[in-house]
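# Kindly generate the corresponding structure for this input.
(one chain, ligands or ions: 1)
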Amino acid sequence: MTRFKIALAQINVQLDKNANLEKANEMALEASKNGAGLVVFPECFNTPYDTKYFRDYAEVIDTSNPSGTTLMLSNIAKECGVFIVGGSIPEKDPWSGKYFNTSVVFDNHGIIIAVHRKMHLADLNAPGRVVLSESDVFSPGSDITVFATPWGNIGLGICYDIRFTEISLISARRDNVIMMIFPAAFTAPNGQMFWEIYVAGCGPAQDETVPFHSNAHSTVVGPDGLVVVDGGVEEKVVYCDIGMVPLNLH
Ligand SMILES: NC(=O)CC(=O)C(=O)O
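Numbering: from 1, shown residues only. Prediction:
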């Protein structure tokens, strides 16, 4: 895989849409100066994440004649020479009158190369923490989205979509993606459950004398993405104390 740097612009989203757009511009410029080839914004990066704002902040997304936030992102991508995954914005479809939670992707010339409408809407009911139903406003999208980059194909979902692993599986198997990107506005602590997990893989030992040449290297990767244990190639039991890498409990 060709190497590239991704930048995740963790904007502190404000009520003022223009302030959010200016911040996006500023962070993309900084990211491109720091060598990023791809910049990602959060879910609803131009709108406070609350159903009471979605209709008022919604914009039409006309891919052949971009305007508003979409035009601004296109210009940033062009000026900075970076690919942009435009987080998501509330979209109003002028034909159906429906609203969608939509991510627009741009190449480094500012051309729109993908549009993803969130397929799985977050209807959250945790009294005292969060009670919010996206489906009060948004309609679900229907398509799995993959876009091509110089580094390989990349799959795209929005926040709650991550819970439905079929999206990632189909993108990996059908479109051979090198990575999945999920702009998100996870509530705490839900995000932690989806982004900070241990993964363990256990393979057979290597044996040069048989036709099947196993990779071996049974591995545990921690929630920080670092390899905690690599079992090498010999036959052995590989142990790992799970919980050694603390979850990030902010
Ligand atoms: N924005 C979301 O989709 C929120 C979500 O999924 C959560 O659990 O929080």
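# This structure: helices as residue ranges?
Assigned by DSSP state H, the chain shows helices spanning 17-33, 51-57, 68-80, 166-175, 190-195.
# Counting by contacts, list what the fourth one packs against.
Put plainly, it is helix 166-175. Helix 166-175 sits against strand 145-149, strand 152-156, strand 179-181, with contacts defined as 3 or more Cβ pairs under 8 Å, 6 or more residues apart in numbering; DSSP states H and E. In this view, the C-beta of every residue, glycine as well, is placed from N, C-alpha and C.
# mind listing what's buried in it?
Neighbour-count burial for helix 166-175 flags 167-168, 171-172, 175 (criterion: 16 or more other Cβ atoms under 10 Å).
# anything in it near the ligand?
No: counting by Cβ under 6 Å from any ligand atom, the ligand is not contacted by helix 166-175; separation bottoms out at 13.3 Å.
# average pLDDT for that helix?
Helix 166-175 comes out with an average pLDDT of 96.
# what do you get for the longest one?
Regarding helix 17-33, the rounded mean pLDDT is 96.
# Identify the residues contacting Ile154.
Ile154 makes contact with 38, 146-148, 177-181, according to Cβ atoms under 8 Å, 6 or more residues apart in numbering.
# Isn't Thr187 up against Val131?
No: contact criterion Cβ atoms under 8 Å: Thr187 and Val131 do not qualify, at 10.6 Å.
# which one of the two has more residues nearby?
The neighbour count for Thr187 versus Val131, taken as other Cβ atoms under 10 Å, is higher for Thr187 (15 against 10).
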